[in-house]
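> Sequence plus the predicted model coming up.
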Amino acid sequence: MVNKYLYLNTIGCQMNVYDSEQIAMRLAALGYQQTSSLENADLVIVNTCTIRAKAEQKAFSFLGRLARLKKKKPGLITAIGGCVAQQEGEKIFKRIPYLDLVFGTQAIDRLPSLIQMIDQKRCRIVDIEQADKPLFQEADDGIAATDQMSRFVTIMRGCDNFCSYCVVPYVRGRETSRHPDDIINEIQQYAQTGLKEVTLLGQNVNSYGKKERLCAFTELLSRVSQIEQLLRIRFTTSHPKDFDQDLINAFRTNEKLCKHIHLPVQSGSNRVLKRMNRKYTKALYLDKVAKLRDTCPDIAITSDIIVGFPGESTTDFDETLELIRTIEFDGLFAFKYSDRPNAPSADYDGKVSDQQKKDRLQILLDLQETLTRRKNQALVGTCLPILAEGFSKRQSSGNLNQPDQAVQWTGRTSTNKIVNFYHDGNPASCNDICPGQLVNVKIEKAYSHSLWGKAVEGKAAAEELKGERSYAA
Ligand code: SAM
Ligand code: SF4
């Protein structure tokens, strides 16, 4: 097999991260090995996102950089995939003459043959066909072995909800669920090569399998939890209108399900929620959060908010701030509203100025930072099981193999908080931490985006923890 290099630039959400892994796996069969050097690449792919205008601009600015490279290396194959490709199709060729391939969100399975064709015939191809081919066809040679301990697995694609601001139903198509056997099979294969944590992906996991009459999402969760080697299960995203008691109960009954939910609320104003076509009210959202906290008191809740949706008044925005104060989210992803092609809200009146959006975003982020810090501060002194991911950034440039050096690790709590931690290299404690291992960490400091602590294990740890609150995984 020829050895060639692939440079893959992934922009956007976890769904795109998963798609990029699928792209890399399929191209590995053609002899493409991933590289982090753009100059060494024989094939450059940018996997794009068009959810917000900013992500799209990022993709085009990256493509702009390729012009010089292509001049220096005419044999280089350049490709754009993902949502921007799906949305813009052939128009991209006119805009970027040095681009060889535009492939849509459902063309990943066909990618190896498309690349081969370009390589042999030096032609330019657009493939944005939707849904006439199986969406979740597995790679012919199965799943390549990797030693990743945490990864995303897509369980469904597309969306049927048509929120008025959102482009997903147009670029990712209608909602389709994968068969549970295929999902389990994929996760099992990863688990055999070291997977410890899986995040199941879908735009609205609550409706998983309903259209196809497969199985309920909670049943899928229960099947995934039976995979022995797996320690943790996460999922995203749940739509508040469909978030139900069954799923709430799973946080109590399914021991591997992490105590974290991402439940995007988007706005705290009923008027705005209606214009967004979200199909729930502030009261319904609050009710679901109350039920969730009743069943699982230590659950962490994060959310998405859009500021400056067309027609959002200062009163509407104040209602959103009020909701944030009432719920006290553990974290927020907040976005300035942007018009997207095909999304109905692009034609709504009452557009909010960019300055106002910026100001509102800042107010909201400042409020959330205070809340997150307070929540993190409350964890100081507790001992939490952390799934070790690897060395933290500060340490990774140093010498990682010196046993007597204090080593700084990074990982996450069940509630999805990042914890950087150290151990002092004492062989009697835990100098043999490896990625994918659950480590008890005593939290010593809290910051706005992370926690800091010390690994405590074995006998010494038990002593140290006497009289402390200890959380179970
Ligand atoms: N399916 C999820 C849901 O229903 O909440 C979210 C999917 S979307 C990929 C991720 C987030 O992007 C949304 O929750 C929303 O906050 C944000 N978003 C989507 N369209 C947007 C737009 N036109 N402008 C700003 N933010 C947007
Ligand atoms: Fe977009 Fe709404 Fe579907 Fe989420 S639920 S992907 S925001 S249309």
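Sure thing, it's come through. Residues are numbered from 1 along each chain as shown. Ligands and ions are numbered 1, 2, ... in the order given.

> what's the helix or strand hosting Arg252 packed up against?
Assigned by DSSP states H and E, Arg252 falls within helix 245-253. Contact analysis of helix 245-253 by 3 or more C-beta pairs under 8 Å, 6 or more residues apart in numbering; DSSP states H and E lists helix 217-225, helix 282-295 as its packing neighbours. Glycine gets a C-beta too; all of them are placed from N, C-alpha and C.

> cutoff 10 Å now
When contacts are defined as 3 or more C-beta pairs under 10 Å, 6 or more residues apart in numbering; DSSP states H and E, helix 245-253 packs onto helix 217-225, strand 232-236, strand 260-262, helix 282-295.

> a markdown table for those, including distance to ligand 1, mean pLDDT and mean neighbour count?
Formatted as a markdown table, those follow (distance: least, C-beta to the nearest ligand atom, whole Å; pLDDT from 0 to 100; neighbours: other C-beta atoms under 10 Å):
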| stretch | distance to ligand 1 | mean pLDDT | mean neighbour count |
| --- | --- | --- | --- |
| helix 217-225 | 14 | 98 | 20 |
| strand 232-236 | 8 | 97 | 22 |
| strand 260-262 | 8 | 98 | 22 |
| helix 282-295 | 12 | 98 | 16 |
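
> what about the ones you listed, which gets the closest to Ala85?
For the helices and strands packed on helix 245-253, the distance to Ala85 is smallest for strand 232-236, at 23.5 Å, taking C-beta to C-beta.

> distance of the nearest residue to Asn376 once chain neighbours are set aside from Gly350?
Nearest non-adjacent residue to Asn376, counting by C-beta to C-beta, 6 or more residues apart in numbering: Ala446, 3.7 Å away. Shown here: Ala446 relative to Gly350, a distance of 40 Å by C-beta to C-beta, to the nearest Å.

> So those two - more neighbours on which side?
Between Ala446 and Gly350, counted using other C-beta atoms under 10 Å, the more crowded position is Ala446 (19 against 10).

> Which positions are bridged to that one in the beta structure?
Leu451 (DSSP bridges).

> Is Glu369 in contact with Ala334, as I believe?
No - here Glu369 does not reach Ala334: they are 11.1 Å apart, not a contact under C-beta atoms under 10 Å.

> Looking at these two, which is more packed in?
Ala334 (18 against 14).

> all helices of the stretch 51-200 of the chain, in order?
Using DSSP state H, counting those that start in this stretch, the helices of the stretch 51-200 of the chain run over residues 53-72, 83-88, 91-95, 111-121, 168-171, 180-192.

> how far does the fourth one sit from the chain's center?
Put plainly, it is helix 111-121. 30 Å (C-alpha atoms, centre = their mean, to the nearest Å).

> Mind exporting the C-alpha coordinates of that helix to CSV?
The C-alpha trace of helix 111-121 is given here as CSV (Å, rounded to 0.1, in the frame of the first residue of the first chain):
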residue,chain,number,x,y,z
LEU,A,111,-14.8,9.1,0.0
PRO,A,112,-12.1,6.5,-0.8
SER,A,113,-13.4,6.0,-4.3
LEU,A,114,-13.8,9.7,-4.9
ILE,A,115,-10.2,10.3,-3.8
GLN,A,116,-8.9,7.4,-6.0
MET,A,117,-10.8,8.9,-9.0
ILE,A,118,-9.3,12.3,-8.5
ASP,A,119,-5.8,10.8,-8.0
GLN,A,120,-6.0,8.8,-11.3
LYS,A,121,-8.0,11.2,-13.5
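
> What are the buried residues along that helix?
Leu111, Pro112, Leu114, Ile115, Ile118, Asp119 (16 or more other C-beta atoms under 10 Å).

> Using a markdown table, lay out those together with pLDDT and distance to Ile248.
Converted to a markdown table, these look like this (pLDDT from 0 to 100; distance: C-beta to C-beta, whole Å):
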| residue | pLDDT | distance to Ile248 |
| --- | --- | --- |
| Leu111 | 94 | 40 |
| Pro112 | 93 | 43 |
| Leu114 | 94 | 44 |
| Ile115 | 95 | 45 |
| Ile118 | 94 | 49 |
| Asp119 | 91 | 51 |
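
> between those residues, which is nearest Leu69?
Ranked by distance to Leu69 (C-beta to C-beta), these are led by Ile118 at 16.4 Å.

> how close does that closest one get to Leu76?
To Leu76, Ile118 is 11 Å away according to C-beta to C-beta.

> Give the residues shared as contacts by these two.
In terms of C-beta atoms under 10 Å, 6 or more residues apart in numbering, Ile118 and Leu76 are both contacted by the residues Leu43, Asp100.

> what residues does the stretch 301-450 of the chain put near ligand 1?
Neighbours of ligand 1 within the stretch 301-450 of the chain, by C-beta under 6 Å from any ligand atom: Asp304, Ile306, Phe335, Tyr337, Ser338, Arg340, Ala343.

> how distant is the helix ranked longest in the chain from the center of its chain?
The residue-count maximum for a helix in the chain (DSSP state H) belongs to helix 354-377. Mean-position distance between helix 354-377 and its chain equals 21 Å (C-alpha atoms, centre = their mean).

> elements contacting it?
strand 300-307, helix 314-327, strand 331-336, strand 438-446, strand 451-455.

> Now with 8 Å, please.
strand 300-307, helix 314-327, strand 331-336, strand 438-446.

> residues contacting the nearest residue to Ile96 once chain neighbours are set aside?
Setting aside the residues directly before and after it, Ile96 is nearest to Leu63 in space (C-beta to C-beta, 6+ apart), at 5.6 Å. Residues in contact with Leu63 (C-beta atoms under 8 Å, 6 or more residues apart in numbering) are Val46, Thr78, Ile80, Ile96, Leu99.

> likewise Val307?
With contacts defined as C-beta under 8 Å, 6+ apart, Val307 is in contact with Phe317, Thr320, Ala334, Phe335, Lys336, Tyr337, Lys357, Arg360, Leu361, Leu364.

> The third one touches Leu361, doesn't it?
Yes - in this structure, Ala334 is within contact of Leu361 by C-beta atoms under 8 Å, at 5.7 Å.

> Quick check: His179 touching Leu214?
Yes - here His179 reaches Leu214: they are 6.3 Å apart, a contact under C-beta under 8 Å.

> Can you pick out the residue with more neighbours from these two?
Using other C-beta under 10 Å as the criterion, His179 and Leu214 rank with Leu214 on top: 19 against 14.

> Surely the more buried one is in contact with Asp181?
No - Leu214 is beyond contact range of Asp181, at 9.4 Å (criterion: C-beta under 8 Å).

> ok, now which ones touch the residue nearest to Phe162 when sequence neighbours are not counted?
Counting by C-beta to C-beta, 6+ apart, Pro169 is the residue found nearest to Phe162 once chain neighbours are left out, at 5.4 Å. Pro169 is in contact with Gly158, Cys159, Asp160, Asn161, Phe162, counting by C-beta under 8 Å, 6+ apart.
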